[in-house]
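[1] after the sequence you'll find the predicted model.
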Amino acid sequence: MTESVLNDLLRRVTDSGLLDEPTIDEDTVVGLAHLDAAGVEVEVDLDPEIDDVDEPDVDAIMTSLSDILSVSEDRWRAIVDEVATEIEDALEDDEVDSEIDLRTDLEAVGVGVFADAIIVVFAGATSFPDALVHVQLTPELEVEDIEIVGDDDDDDEDDEDDED
């Protein structure tokens, strides 16, 4: 089943023209796309969660992919503004340089699409040089969760595993 789901997803995304050079990479379909509202090219990872669900919803993945890539500039600005505001509110003053406007520093670099969620990955070259900001959106493109993931977070998880 794994192979047929991935082949179906690859065929559908190829036919749609939404991704440049889509390919299967392990249990996902990957490619590049232009996120018009942000004016950037992003890496896209379509994940049917083959190991986690009995019947992957390829229709939902395709709909979410189309929705995020065609999001209006106004909605995109609202998403970025909400993310920046939540980060500013959550972090102490000394953790974010007040001279840096997160609204202009955060740049989308990747998109992960699942049947029930979209993850937009932002780089903040000035504000978070060693981290990425992962923003989980609902299928309706509402901000659901924000996580700042640093390079050293993987090391921390490994350390926690060693303690168990």
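    Perfect, thanks for sending it. Numbering: from 1, shown residues only.
[2] next, residue 18: secondary structure please.
    With DSSP: H, G, I helix; E, B strand; the rest coil as the basis, residue 18 sits in coil.
[3] what sits against it?
    33, 65-66, 69 (C-beta atoms under 8 Å, 6 or more residues apart in numbering). All C-beta atoms are positioned from the backbone trio N, CA, C, and that covers glycine.
[4] in PyMOL, select just the buried ones from the residues you listed.
    In PyMOL, this line selects whichever of those come out buried by 16 or more other C-beta atoms under 10 Å:
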select buried, resi 33+65+69
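[5] now for the contacts of residue 18, which pair is the farthest apart?
    Pairwise distances across the contacts of residue 18 peak at 10.3 Å for 33 and 66 (criterion: C-beta to C-beta).
[6] next SSE downstream of the longest helix along the chain?
    Within the chain, and with DSSP state H defining each element, the longest helix by residue count is helix 73-90. For helix 73-90, the succeeding helix or strand toward the C-terminus, using DSSP states H and E, is helix 102-105.
[7] if you count neighbours, what's buried in the host helix or strand of residue 3?
    Element membership for residue 3, per DSSP H and E: helix 2-16. The neighbour-count check on helix 2-16 (16+ other C-beta under 10 Å) flags 5-6, 9-10, 12-13 as buried.
[8] what's across from the spatially closest residue to residue 10 that is not a sequence neighbour in the sheet?
    With sequence-adjacent residues excluded and distances taken as C-beta to C-beta, 6 or more residues apart in numbering, residue 10 is closest to residue 29, at 5.1 Å. Counting by DSSP bridges, residue 29 is bridged to residue 24, residue 46.
[9] what about residue 29, neighbour count?
    Residues lying near residue 29 (other C-beta atoms under 10 Å) number 28.
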